[in-house]
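*Asks:* The following comprises the amino acid sequence and a computationally predicted model.
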Amino acid sequence: MSVIFSHQPNPKVTFLGAAGTVTGSMHLLQYKDFNILLDCGLERDKNTVLKDDEFPFDPEVIDAVILSHNHSDHCGKLPALARKGFRGQVYCTPASKDLLGVVLKDSVNIQEKEAKLRNRTKNRTVPSQNDTFSILDRCVPLDYGKTLEIRNGISLRFHDAGHLLGSAISEISLGKGDKVFKITYTGDLGRFGLPFHTNPSPVPAADLLICESTYGGKYHDNEEKMAAKLDIVMRDTIKRGGKILMPAFSLGRTQMLLYYLETWMLQNKIPRLPIFLDSPLAVEISRVYKRYNKHLSVNWNSESENIMILDSWEEAQTASFHPKPAIIVASGGMCEGGKILSHLKNHLDDPRTSIALVSFQAPTTLGSKLLEKKPSVYFHGKSWNKWAEIHEIKGFSGHADQTDFNKLLSPIAKTSGHVRLVHGEPESAKALASELSKLGFKDVKPVRRGESVTLT
Ligand SMILES: [Zn+2]
């Protein structure tokens, strides 16, 4: 698939990623002679179509990127875009800009390591940290609620999506006078009633609503249920004298998890145990969270004395073999990489240990294999007995569920035009489409990769 660029008298959006899947968000908005990308994310799943440095268009013709938030499936391809000739602006919130520096540096490090493993170091298309700097130089921060004319006749306003620090719903107006088209791109939407990130703001009505659908037709556990489940896991582990390992993504999930662990301990909802944090990236991200505390719904102190930060491999090993029960939160939400691996090697075959998975585990990842009811698991060249207890604590998700979708979208059902559903497995997108039709939306469809919609 290759996009043909031509003058578009009316706004046209082509869906280039996150179509029938939850990864690789990238949509192309063309209007007159302007070409704007809505997100520029990496694809990380079994159906990956494009390599990390491949685009279905010439990056030189992209005038601007509107960035919804900093999960790598929304921003991870920006350095590759710069490497291949993108010279436009990247519009994002101020918090997103600050997080982008931390996240892209880490993402490029990983891509460089992968390229080395595949012997592609001589391949000049693999992005470098210079490309990260080039993207950061191009960032134009825009506060929530303010309107900016980004091109003649194209204006942008961000609203808090409540999914992650700095996450934004993009309200885009195109045209002037009596003929103004409105496009709303939700990015990833957050949740109501799970304090830490804010509640999502109202979603603006639009001629075209591009909406995520990750948890369409599904419902999250509430806070009480999550705490009660973790309480049982912790009490059983304490009786056995073991460790509780909690793999967590460094951006957003770790900060939220630490907040809940501390809060629940203070409220005596779970036993009080030492908490070790083995995630240098999460520590760096937490500093940005601290700077933007006003954008959280709670007053969170990222440097709490109850959390012991592990700064080196030696410190991590000492904590891993700490003689008493403790919680170890470590990077690597799906156990595919990160600091969690060394703790898994130390404890996976120890029947005293509990592994509490607090993130979605994509099929084929080590995290999903741990959850399978098989007696052993193979990783790092060895078969492990998996004598540790494996638990899933659902409910920490940063994504809207069906109750949230209904609350957010029902007010605009009668005043919106087309709805196109992205960022969801086919089953979830279909379930959301059916619910939105019941709410009164007229034209709701999950998208297919490469498909376009033109507003008239
Ligand atoms: Zn996200």
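*Replies:* Yes, it's here.
*Asks:* how near is Lys445 to Ile135?
*Replies:* 32 Å (C-beta to C-beta, to the nearest Å). Using the backbone N, CA and C atoms, a C-beta is placed for each residue, glycine as well.
*Asks:* whoops, Lys386 was the one
*Replies:* Applying C-beta to C-beta to Lys386 and Ile135 gives a distance of 41 Å.
*Asks:* For these two, indicate the residue with more neighbours.
*Replies:* Under the criterion of other C-beta atoms under 10 Å, the comparison of Lys386 against Ile135 puts Ile135 first, with 26 against 18.
*Asks:* I figured that one hits Leu78, correct?
*Replies:* Yes: contact criterion C-beta atoms under 8 Å: Ile135 and Leu78 qualify, at 4.7 Å.
*Asks:* count of neighbours near the residue nearest to Phe15 when sequence neighbours are not counted?
*Replies:* In space, and not counting its chain neighbours, Phe15 is closest to Val447: 4.2 Å by C-beta to C-beta, 6 or more residues apart in numbering. Using other C-beta under 10 Å, Val447 has 25 neighbouring residues.
*Asks:* Quick one: residues contacting Val447.
*Replies:* 15, 19-20, 420-422 (C-beta atoms under 8 Å, 6 or more residues apart in numbering).
*Asks:* Compile these into a markdown table and extend it with columns for distance to Ala433, secondary structure and pLDDT.
*Replies:* Below are the contacts of Val447 laid out as a markdown table (distance: C-beta to C-beta, whole Å; DSSP: H, G, I helix; E, B strand; the rest coil; pLDDT from 0 to 100):
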| residue | distance to Ala433 | secondary structure | pLDDT |
| --- | --- | --- | --- |
| Phe15 | 15 | strand | 96 |
| Ala19 | 14 | coil | 89 |
| Gly20 | 12 | coil | 87 |
| Arg420 | 10 | strand | 98 |
| Leu421 | 6 | strand | 98 |
| Val422 | 12 | strand | 97 |
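*Asks:* Give me the phi and psi for Asn293.
*Replies:* Here is the backbone geometry of Asn293 (degrees, to the nearest 10): phi -50, psi -30.
*Asks:* That one reaches Ser286, doesn't it?
*Replies:* No: checked against C-beta under 8 Å, the pair Asn293 and Ser286 is beyond contact range at 10.8 Å.
*Asks:* So between these two, which is more surrounded?
*Replies:* It is Ser286, of Asn293 and Ser286, that has more neighbours when counted by other C-beta under 10 Å, with 22 against 13.
*Asks:* how close does the closest residue to the more buried one other than its chain neighbours get to Arg272?
*Replies:* Counting by C-beta to C-beta, 6+ apart, the nearest residue to Ser286 once its immediate chain neighbours are dropped is Ser302, at 3.8 Å. Remark: distance between Ser302 and Arg272 (C-beta to C-beta) = 20 Å.
*Asks:* any idea how far Leu421 is from the residue nearest to Phe15?
*Replies:* Distance from Val447 to Leu421, by C-beta to C-beta: 7 Å.
*Asks:* and if you look at Phe196?
*Replies:* Applying C-beta to C-beta, the value for Phe196 to Leu421 is 26 Å.
*Asks:* Mind checking which of the two has more residues around it?
*Replies:* Leu421 (27 against 23).
*Asks:* Now do the same contact list for the more buried one.
*Replies:* Contacts of Leu421 (C-beta under 8 Å, 6+ apart): 211-213, 216, 429, 432-433, 444-447.
*Asks:* between these, which has the most around it?
*Replies:* Ser213 (32 neighbours).
*Asks:* Just give me the residue closest to the centre of this structure.
*Replies:* His71 (3.7 Å; C-alpha atoms, centre = their mean).
*Asks:* Model confidence at it, what's the number?
*Replies:* pLDDT for His71: 94.
*Asks:* Next: the one 3 residues further on.
*Replies:* Note for His74: predicted pLDDT of 96.
*Asks:* Return the distance of it relative to the ion.
*Replies:* The gap separating His74 from the ion is 6 Å, by C-beta to the ion, to the nearest Å.
*Asks:* could you turn the helix or strand harbouring that residue into PDB, dropping everything but the C-alphas?
*Replies:* If you go by DSSP states H and E, His74 is part of helix 72-75. Output of helix 72-75 as PDB, limited to C-alpha atoms (Å, rounded to 0.1, in the frame of the first residue of the first chain):
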ATOM      1  CA  SER A  72       5.100   4.000  21.800                       C
ATOM      2  CA  ASP A  73       2.300   2.600  19.700                       C
ATOM      3  CA  HIS A  74       1.300   6.300  19.200                       C
ATOM      4  CA  CYS A  75       4.700   8.100  19.100                       C
END
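*Asks:* what's that helix in contact with?
*Replies:* By C-beta under 8 Å, 6+ apart, helix 72-75 touches 18, 22-25, 39-44, 67-69, 100, 103-104, 107, 187-188.
*Asks:* again, only this time at 7 Å
*Replies:* 23-25, 39-42, 44, 67-68, 100, 103-104, 107, 187 (C-beta atoms under 7 Å, 6 or more residues apart in numbering).
*Asks:* In terms of model confidence, name the weakest of those.
*Replies:* Among these, Arg44 has the lowest pLDDT, at 74.
*Asks:* pretty sure it is in contact with Thr23, am I right?
*Replies:* Yes: Arg44 is in contact with Thr23 according to C-beta atoms under 7 Å; the separation is 5.0 Å.
*Asks:* what about the strands in the stretch 251-400 of the chain?
*Replies:* Counting by DSSP state E, counting those that start in this stretch, the stretch 251-400 of the chain has strands at residues 275-278, 307-309, 327-331, 354-357, 377-379, 382-384, 389-392.
*Asks:* Switch these over to JSON lines; also include distance to Pro127.
*Replies:* Listed next are these as JSON lines, based on distance: least, C-beta to C-beta, whole Å:
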{"stretch": "strand 275-278", "distance to Pro127": "27"}
{"stretch": "strand 307-309", "distance to Pro127": "29"}
{"stretch": "strand 327-331", "distance to Pro127": "22"}
{"stretch": "strand 354-357", "distance to Pro127": "31"}
{"stretch": "strand 377-379", "distance to Pro127": "28"}
{"stretch": "strand 382-384", "distance to Pro127": "33"}
{"stretch": "strand 389-392", "distance to Pro127": "35"}
